[in-house]
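In: What shape does this take:
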Amino acid sequence: MRCVIARYPFDLTKDGVLSSMKGITPEPITGESVTIGRRRYPVKQVGAVITRQDRRDFTGGEVTRAMARLGFTCHPDPAAVPAPSPAVSPVQTASELLGGTAPLED
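Out: Numbers count the residues shown, from 1 in each chain. As a prediction, the model looks like this:
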């Protein structure tokens, strides 16, 4: 598959990426990641290995798009997942259903 990473064209294959990442120890994951084989790697580490470019030259999104198109499982940044909203109390729900406002706290 032909893709452009950091304004340079690359011909990537799934087998080529697997062989490039063979024997590479994954770094700690702090952002987006991709599963290659049985391991999860940070996308910037994968991009640096397969393109042999400096990590500052490309974005994680470029590598994520390329890996997803090749069929690898990509994972979002854990910090980017929104926190669940706080639960609404039964009194607040009943008040909203009746058209009133929530009771004031003392």
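
In: In CSV, list the C-alpha atoms belonging to stretch 57-65.
Out: What follows is stretch 57-65 as a C-alpha-only set of coordinates in CSV (Å, rounded to 0.1, in the frame of the first residue of the first chain):
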residue,chain,number,x,y,z
ASP,A,57,8.9,14.9,11.3
PHE,A,58,5.5,13.2,11.2
THR,A,59,2.3,13.1,13.2
GLY,A,60,0.7,10.2,15.0
GLY,A,61,-2.4,10.6,12.9
GLU,A,62,-0.4,9.9,9.7
VAL,A,63,1.0,6.6,11.1
THR,A,64,-2.4,5.7,12.7
ARG,A,65,-4.2,6.1,9.3
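
In: In terms of pLDDT, where does the closest residue to residue 2 other than its chain neighbours sit?
Out: With C-beta to C-beta, 6 or more residues apart in numbering as the criterion, residue 2 has its nearest non-adjacent residue at 5.5 Å, and that residue is residue 11. In this view, the C-beta of every residue, glycine as well, is placed from N, C-alpha and C. pLDDT for residue 11: 93.

In: cool, the one 10 residues further on as well?
Out: At residue 21 the predicted local confidence, pLDDT, stands at 93.

In: Please work out the average pLDDT along whichever strand or helix holds residue 4.
Out: Following DSSP states H and E, one finds residue 4 within strand 2-5. On average, the pLDDT along strand 2-5 is 90.

In: one step back: surely the residue nearest to residue 2 is in contact with residue 1?
Out: Yes. Counting by C-beta atoms under 8 Å, residue 11 does reach residue 1; the two are 7.2 Å apart.

In: Tell me which of those two has more neighbours.
Out: residue 1 (12 against 8; other C-beta atoms under 10 Å).

In: count of residues packed around the closest residue to residue 3 other than its chain neighbours?
Out: In this structure, residue 3 finds its nearest non-sequential neighbour in residue 66, 4.4 Å apart by C-beta to C-beta, 6+ apart. Residue 66 has 26 neighbouring residues, counting by other C-beta under 10 Å.
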